[in-house]
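1. 3D model of this:
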Amino acid sequence: MIYGIVDVGSNTIRLTIYQYENGELSSLLHKKTMAGLAGYVEQGEMSQKGIEKACEIVSEYKEILNNFSICNLNVFATASLRNIVNTNEVVRTIRELTGVHVDVISGEEEAQLDFIGATHVINMQDGLLVDIGGGSTELVSYRRGQIVTAVSMPIGSLSLFTKHVSKLLPKKSEKHAIVEEIRFELDKLFEFDENELFQEICGVGGTIRAACKLNNDLLGSEARNSIDCKHLGKMLKILNKRKKDTYRRILRVVPDRIHTIIPGMLILNEIATYFGSEVIRISNYGVREGYLYSKVLKDGGQSAKG
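-> Down below sits the predicted model:
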C-alpha cells in the first residue's frame, strides 16, 4: 500500500509518500515547503493569511497525490496549530477549503510518535530522544527500549527567532535572551529528576539533521550521522560573528535554515549540557513515520510510563 503523510509544522510543511509492503517501509517522495506559519501568529491567533498559506500548501500536496492516484492521505499538525487560540477555526477552514481533515496532536503525543518512528531504524535502549521543531521541542527519556517520560517544551527554533531576533542572525544580547528562556523551560521539566543524566541523545527532525550537516562541514567530522556534544559549542563559536562569512557558511550547507539554525543549535546545546550528554545519534525517522506506524497502520504504539 502507498500512503501520503503531511506534517504541518510551525516552520515547514512536509509531504512524504511511503510504500509499506511485507512489514517494510520505504520513502518514495519527499517534499518540503518553508511555510513559516509561526510568523503568521499575532497575540496567539493565526491570521487569515497564515490560514490561506496552510490551505495553499495542503491543496498543492493533495493534488500531487491525486496525480499519482493515491487516496491514502493523512494530515497532522504539531505546535503550529496546537499552540494557537483559534485552532478549531483553522482546522475547520482547512477542511472547508481543501476537503482535508487536520489531526492536531498534543505535545506528549508528538514526543511518543517521535520515539515510535525512531525506534524502527535505531536500536534505542537507554537515552534521551530530542526533536527540535519550529514551535516546540519534544523530549523522550527511555530505558531498556521503553518510554519512561514524554514531554513537550513550548519553544522551538522559529518561535525563539521570531521572539528574540531582530535581524537574520542573533546578536550577543539576543542569544543571551534565547539561552535564558531555554534554561527557564528546562528547569520547569518536573517530569525529570534534577540529577538525571543521559550520555546519549537520539536526535530527530530537520533542525538536528541540519546541525549534523554543519558539524560535518565546519569541523570535518568523520562520524556522518552523529555529533559529539562538545562540537556544539565549537560550532556556535564559529558562527558567532554576524558577518558575510558566517552567512556564506550557513547558506552553503543549510540555506533554508539560515534564520533558525542558531536558535535551534542553542536549544540542542543547552539540552545536552543540562543532561550531561556526550553524543547525539541522528535518526532519519521521527514523528511522520511514528504517525504512520501508530495511527494509520496501527502498529508499534507505545505509551509513556511517567
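2. could you point out the longest helix in the protein?
-> When the chain is parsed with DSSP state H, its longest helix is helix 48-67.
3. that helix: how far from the chain's middle?
-> In this view, helix 48-67 has its centroid 20 Å away from the chain centroid, taken as C-alpha atoms, centre = their mean, to the nearest Å.
4. immediately after that helix, which helix or strand?
-> Later in the chain than helix 48-67, the nearest helix or strand by DSSP states H and E is strand 73-77.
5. who are the neighbours of that next one, in terms of helices and strands?
-> Helices and strands touching strand 73-77, by 3 or more C-beta pairs under 8 Å, 6 or more residues apart in numbering; DSSP states H and E, are strand 2-8, helix 48-67, strand 102-104. Where C-beta positions appear, they are placed from N, C-alpha and C, glycine not excepted.
6. contacts for that strand, please.
-> Taking contacts as C-beta atoms under 8 Å, 6 or more residues apart in numbering, the residues outside strand 73-77 that touch it are 3-9, 58, 62, 65, 91, 100-105, 291-292, 295-296.
7. name the SS class of Leu189, please.
-> Of the three states, Leu189 takes coil according to DSSP: H, G, I helix; E, B strand; the rest coil.
8. and the residue nearest the centre of the chain, how far from Gly264?
-> The residue lying closest to the centre of the chain (C-alpha atoms, centre = their mean) is Gly133, at 3.0 Å. Distance from Gly133 to Gly264, counting by C-beta to C-beta, to the nearest Å: 9 Å.
9. could you tell me which residues touch both of the two?
-> If you check Gly133 and Gly264 against C-beta under 8 Å, 6+ apart, the residues they both contact are 156-157, 207.
10. now the residues you listed as CSV including distance to Phe184, secondary structure and neighbour count?
-> Formatted as CSV, the shared contacts of Gly133 and Gly264 follow (distance: C-beta to C-beta, whole Å; DSSP: H, G, I helix; E, B strand; the rest coil; neighbours: other C-beta atoms under 10 Å):
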residue, distance to Phe184, secondary structure, neighbour count
Gly156, 15, coil, 32
Ser157, 17, helix, 31
Thr207, 20, helix, 28
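11. nearest to Glu181 among these?
-> Each of the shared contacts of Gly133 and Gly264 was scored against Glu181 by C-beta to C-beta, and Gly156 proved nearest at 11.3 Å.
12. hang on, the earlier thing: from the helices and strands packed on strand 73-77, which stretch is densest packed?
-> Stretch with highest mean neighbour count among the helices and strands packed on strand 73-77: strand 2-8 (a mean of 22; mean count of other C-beta atoms under 10 Å).
13. that older thread, and the longest helix of the chain with strand 73-77, angle?
-> Angle, helix 48-67 to strand 73-77, by axes from the mean of the first three to the mean of the last three C-alpha atoms, to 10 degrees: 160 degrees.
14. and the angle for helix 48-67 with strand 2-8?
-> Using the same axes, to 10 degrees, one finds that helix 48-67 and strand 2-8 are set 170 degrees apart in direction.
15. so for helix 48-67, mean pLDDT?
-> Averaging pLDDT along helix 48-67 yields 97.
16. and it, what does it pack against?
-> If you count contacts as 3+ C-beta pairs under 8 Å, 6+ apart, helix 48-67 packs onto strand 2-8, strand 12-21, strand 24-34, strand 73-77, helix 87-98.
17. quick one on the thing from earlier: isn't the residue nearest to the centre of the chain right next to Leu160, touching?
-> No. Between Gly133 and Leu160 there is no contact under C-beta atoms under 8 Å: 11.3 Å.
18. list the buried residues in stretch 291-299.
-> Judged by neighbour count (16 or more other C-beta atoms under 10 Å), stretch 291-299 contains these buried residues: 291-295, 297.
19. okay, these in JSON lines with pLDDT and distance to Glu96 next?
-> Converted to JSON lines, the buried residues of stretch 291-299 look like this (pLDDT from 0 to 100; distance: C-beta to C-beta, whole Å):
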{"residue": "Tyr291", "pLDDT": "97", "distance to Glu96": "23"}
{"residue": "Leu292", "pLDDT": "97", "distance to Glu96": "26"}
{"residue": "Tyr293", "pLDDT": "96", "distance to Glu96": "30"}
{"residue": "Ser294", "pLDDT": "96", "distance to Glu96": "28"}
{"residue": "Lys295", "pLDDT": "95", "distance to Glu96": "23"}
{"residue": "Leu297", "pLDDT": "95", "distance to Glu96": "29"}
